[in-house]
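**Q** fold the following for me, if possible:
(chains A and B)
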Amino acid sequence: MAGGAFSGTRRWVSRTVPAGARRGRVLLPLLILVATLASAPFGGLRATEAQPPAALKAGEEIATGPFDVTLGKVVTLDELSVNDLALSPASPGGRLMAIELTVTNTTDEPLSPLRITDAIGGPRAAVEPWPGQDEPHGELVAVADGTRVRTVNPGLSVHAVLVYPQPASWTADRIDLDVYDFRFQEEDPLSLDPDTWLLHSVVASGEFPIKESA
Amino acid sequence: MRRLTRIAAVVATLAAGHGITTLLPTDKVAAAPFVTAAAVGEHVRLPYAEVRLAGIHLATKVQGQPTTATPYGRFLVLDLEVTALREPLLLAAPYLRDGEGRRYAADTGAQCATAVTLPTGLPRYARMCIDVPRRALDGATVVIARGAIEIDGYRRDAVAEIELSLDSTAAEQLWNTAAPVTGFLSGPTPPGDWARA
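**A** Residues are numbered from 1 along each chain as shown, chains lettered A, B, ... in the order given. Alright, predicted model coming up:
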């Protein structure tokens, strides 16, 4: 190795730094420090705050990234039976809660209904798992034919209801609902799954009355 | 001087490696499928199967037992004749690619097939349904393969691309003449309303 820690001899060369350059070395960081501190009263040192969720109202379209969603009314019902689809409450005294929504796929790729159910949230106490399951998840049923919502292809809209079993302990006549958005990730170092939409954060929240199904 | 030379050599090597991996389309070339283009009604011989898109329907409903599926747009119904050539085969559902590159997936498991298990050497008839908006029909191509595009992107596999030859006028006419179609999954004989190219 030439030079470095194992070299035999070292020559120290004294270099004279001009006075102007020395002043510059001190002044520049000082100026940056002063400018940063001066911005403090205007929020310069404040941590960046996340955008608060927008107000979620029935009939208003929310962009989530891969799709736009519009919530309608929320109803409670004893059971849902259409063609060969039959949904019943999960526990004695429980009911079903159905959230009406319309979803439009705004991407160039097919949209899984699982992603749609991921985007709607609310209080955990309002729902319970279906029989035989550990975690609550919504069943997405198309209004047009009463079948489970299929893949929604690009440019298509589906009018559906998102159905959850509701425990007997939930007696409120109003519910706070959230809509989450998604973040597009081209490369995922963990799953090696490229070009994926990942659930991100709440973009809209609002209170909805729970109506009795007619 | 020798140190500078070594540093320069390392930087040059890194730059060359970066250039090879980013500038040259190695991924695209290595993973590109082997495409056979065809028209509706033509037989396509892939290494693993012979495929023929016998014809298409545009449907306002697909009538099944007991459930009838209603599309969110219209169902593009594909009537496929397929024979596995070398060994039993699981043929994945085809997808539609529109003139602008958007992808539309097949999905009505109760009324149409989404994947077909084929015995070797015996022809099978399969009906697959793709829910599409009007804009999907212009310049549309049906892509048929044995793998799933979402998982492996048809990496280096044989793929049949069947052009529907629909210009805007033909697509509009097809859209406006959509009618209900009988649900059918797959079998050794076709249903009565099988499409003729």
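**Q** stretch B:9-23 and chain A in contact?
**A** No - interface with chain A: stretch B:9-23 contributes nothing (CB under 8 Å from any CB of the partner chain), its closest point being 13.6 Å away. Any C-beta I mention is one placed from the backbone N, CA and C, and that applies to glycine too.
**Q** please work out the average pLDDT along that stretch.
**A** When pLDDT is averaged over stretch B:9-23, the result is 86.
**Q** what parts of chain B come near chain A?
**A** By CB under 8 Å from any CB, the residues of chain B that approach chain A are B:2-3, B:66-70, B:72-73, B:100-105, B:107-108, B:110, B:130-133, B:135-136.
**Q** just to be sure, residue B:18 is in a strand?
**A** No - Residue B:18: not assigned to a strand; according to DSSP: H, G, I helix; E, B strand; the rest coil it is helix.
**Q** related to what we said a few turns ago, in helices only, show me the residues of chain B next to chain A.
**A** Residues of these located in helices (DSSP state H): B:2, B:3.
**Q** out of the residues of chain B next to chain A, which sit inside strands?
**A** B:68, B:69, B:103, B:104, B:105, B:130, B:131, B:132 (DSSP state E).
**Q** which pair in the residues you listed spans the largest distance?
**A** B:68 and B:103 (26.0 Å; CB to CB).
**Q** what sits against residue 160?
**A** Reading this off chain A. Contacts for residue A:160 (CB atoms under 8 Å, 6 or more residues apart in numbering or on different chains) come out as A:100, A:101, A:102, A:103, A:116, A:140, A:141, A:142, A:143, A:149.
**Q** wrong chain, I was asking about chain B
**A** Residue B:160 sits next to B:35, B:36, B:38, B:44, B:46, B:51, B:143, B:144, B:145 when contact means CB under 8 Å, 6+ apart.
**Q** just residue B:168 next, same as before
**A** By CB under 8 Å, 6+ apart, the neighbours of residue B:168 are residue B:138.
**Q** so it versus residue B:99, what's the distance?
**A** Noted for residue B:168: a distance of 10 Å to residue B:99, by CB to CB, to the nearest Å.
**Q** likewise residue B:145?
**A** Distance, residue B:145 to residue B:99, using CB to CB: 20 Å.
**Q** with residue B:78 instead?
**A** Distance from residue B:78 to residue B:99, by CB to CB: 18 Å.
**Q** enumerate the beta-bridge partners assigned to the residue sitting nearest the centre point of chain B.
**A** Closest to where the C-alpha atoms of chain B average out (CA atoms, centre = their mean) is residue B:143, at 2.4 Å. Listed by DSSP bridges, the beta-bridge partners for residue B:143 are residue B:95, residue B:161.
**Q** in this structure it contacts residue B:97, no?
**A** Yes - Residue B:143 lies in contact with residue B:97 (CB atoms under 8 Å); the separation is 5.8 Å.
**Q** quick revisit: give me the common contacts of residue B:168 and residue B:99.
**A** With CB under 8 Å, 6+ apart as the test, residue B:168 and residue B:99 both reach residue B:138.
**Q** on that earlier part again, between residue B:78 and residue B:99, which one's more packed in?
**A** For residue B:78 versus residue B:99, the count of surrounding residues by other CB atoms under 10 Å in any protein chain shown is larger for residue B:78: 27 against 16.
**Q** how about the longest strand anywhere in chain A, does it get close to chain B?
**A** Across chain A, the longest stretch assigned as strand under DSSP E is strand A:196-212. No - residues of strand A:196-212 are not located near chain B by CB under 8 Å from any CB, the shortest gap being 10.7 Å.
**Q** give me the sheet partners of that strand and which way each runs.
**A** Applying DSSP bridges to the sheet, strand A:196-212 is found paired with strand A:54-55 (parallel), strand A:67-77 (parallel), strand A:174-185 (antiparallel).
**Q** got the domain boundaries for chain A?
**A** Domain assignment for chain A by automatic domain parsing gives A:18-49, A:54-212.
**Q** re the thing from before, check the contacts of residue A:160 against chain B, which are close?
**A** Restricting the contacts of residue A:160 to those adjacent to chain B (criterion: CB under 8 Å from any CB) gives residue A:142.
**Q** between the contacts of residue A:160, which has the most around it?
**A** residue A:103 (26 neighbours).
**Q** which helices and strands sit right next to the helix or strand harbouring that residue?
**A** Assigned by DSSP states H and E, residue A:103 belongs to strand A:95-105. Counting contacts by 3 or more CB pairs under 8 Å, 6 or more residues apart in numbering or on different chains; DSSP states H and E, strand A:95-105 packs against strand A:67-77, strand A:157-166.
**Q** buried residues in the first one?
**A** So that's strand A:67-77. A:67, A:69, A:70, A:71, A:72, A:73, A:74, A:75, A:76, A:77 (16 or more other CB atoms under 10 Å in any protein chain shown).
**Q** using PDB, write out every CA atom in the helix or strand of chain A with the lowest mean pLDDT.
**A** Least confident element among the helices and strands of chain A, by mean pLDDT, DSSP states H and E: helix A:19-38 (a mean of 74). This file holds the C-alpha atoms of helix A:19-38, laid out as PDB (Å, rounded to 0.1, in the frame of the first residue of the first chain):
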ATOM      1  CA  ALA A  19      -8.100  35.500   5.500                       C
ATOM      2  CA  GLY A  20     -11.100  35.900   3.100                       C
ATOM      3  CA  ALA A  21     -11.500  32.100   2.700                       C
ATOM      4  CA  ARG A  22     -11.300  31.600   6.500                       C
ATOM      5  CA  ARG A  23     -14.000  34.200   7.100                       C
ATOM      6  CA  GLY A  24     -16.200  32.400   4.500                       C
ATOM      7  CA  ARG A  25     -15.800  29.100   6.300                       C
ATOM      8  CA  VAL A  26     -17.200  30.600   9.500                       C
ATOM      9  CA  LEU A  27     -19.800  33.000   8.000                       C
ATOM     10  CA  LEU A  28     -21.600  30.500   5.700                       C
ATOM     11  CA  PRO A  29     -22.700  28.000   8.400                       C
ATOM     12  CA  LEU A  30     -23.500  30.900  10.700                       C
ATOM     13  CA  LEU A  31     -25.700  32.500   8.100                       C
ATOM     14  CA  ILE A  32     -27.500  29.200   7.600                       C
ATOM     15  CA  LEU A  33     -28.000  28.800  11.300                       C
ATOM     16  CA  VAL A  34     -29.400  32.300  11.700                       C
ATOM     17  CA  ALA A  35     -31.700  31.900   8.700                       C
ATOM     18  CA  THR A  36     -33.100  28.600  10.200                       C
ATOM     19  CA  LEU A  37     -33.600  30.200  13.600                       C
ATOM     20  CA  ALA A  38     -35.200  33.200  12.000                       C
END
